[in-house]
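Asks: No letters, just coordinates:
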C-alpha cells in the first residue's frame, strides 16, 4: 500500500532522499552499477577519471552505509573488492531513468 503524503511530509521525504544521494559523484557511481553491473574500485578510477581516490572511497562508503551499494571483499592477495547495487539500490534505476527522460524534454 502506497503512503499518502501531505505537502509537508512529501517535502520532508524528498529532503531525506536528497541527503542519501547528495554528493557530486554518487549518481555517477550509481549509473555505472545499473543493470546488475559489478565494478571493482580500479574500474571506477578508470570510468570516473576526475574523481580523487579519497572522494571515491568516501562516496562508496556512504552508499554502502546507506544500504544502496554492497561491497564484497575476497580474501586474496592483492585484495579484490567488488561493488554492486543492493536490491534497494537497483530499485532506484526507474526513478533515475525518469529523471534522464525529464531532462531530455528541456533539450527538445
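Replies: Yes, it's here. Only a predicted model underlies this, so the values are computations on that prediction, with no experimental measurement involved. Numbering: from 1, shown residues only.
Asks: And residue 76, how far from residue 41?
Replies: 14 Å (CB to CB, to the nearest Å). Quick note: C-beta positions are derived from backbone N, CA and C, even for glycine.
Asks: okay, those two: which has more neighbours?
Replies: A side-by-side neighbour count of residue 76 and residue 41, using other CB atoms under 10 Å, places residue 41 first with 16 against 7.
Asks: how about the residue nearest to the more buried one when sequence neighbours are not counted, secondary structure?
Replies: Spatial nearest neighbour of residue 41, excluding adjacent residues (CB to CB, 6 or more residues apart in numbering): residue 81 at 5.6 Å. Under DSSP: H, G, I helix; E, B strand; the rest coil, residue 81 falls in the strand class.
Asks: Verify the contact between residue 81 and residue 69 for me.
Replies: No. Applying CB atoms under 8 Å as the test, residue 81 and residue 69 come out as separate, 11.5 Å apart.
Asks: So for the two, which residue has more residues nearby?
Replies: Set residue 81 next to residue 69 and count neighbours by other CB under 10 Å: residue 69 wins out with 23 against 14.
Asks: Provide the partner residues of the more buried one in its beta bridges.
Replies: For residue 69, the beta-bridge partners under DSSP bridges are residue 85.
Asks: tell me the contacts of it?
Replies: Contact analysis of residue 69 by CB atoms under 8 Å, 6 or more residues apart in numbering lists 29-30, 33, 60, 63, 83-86, 89.
Asks: cutoff 6 Å now
Replies: 63, 83, 89 (CB atoms under 6 Å, 6 or more residues apart in numbering).
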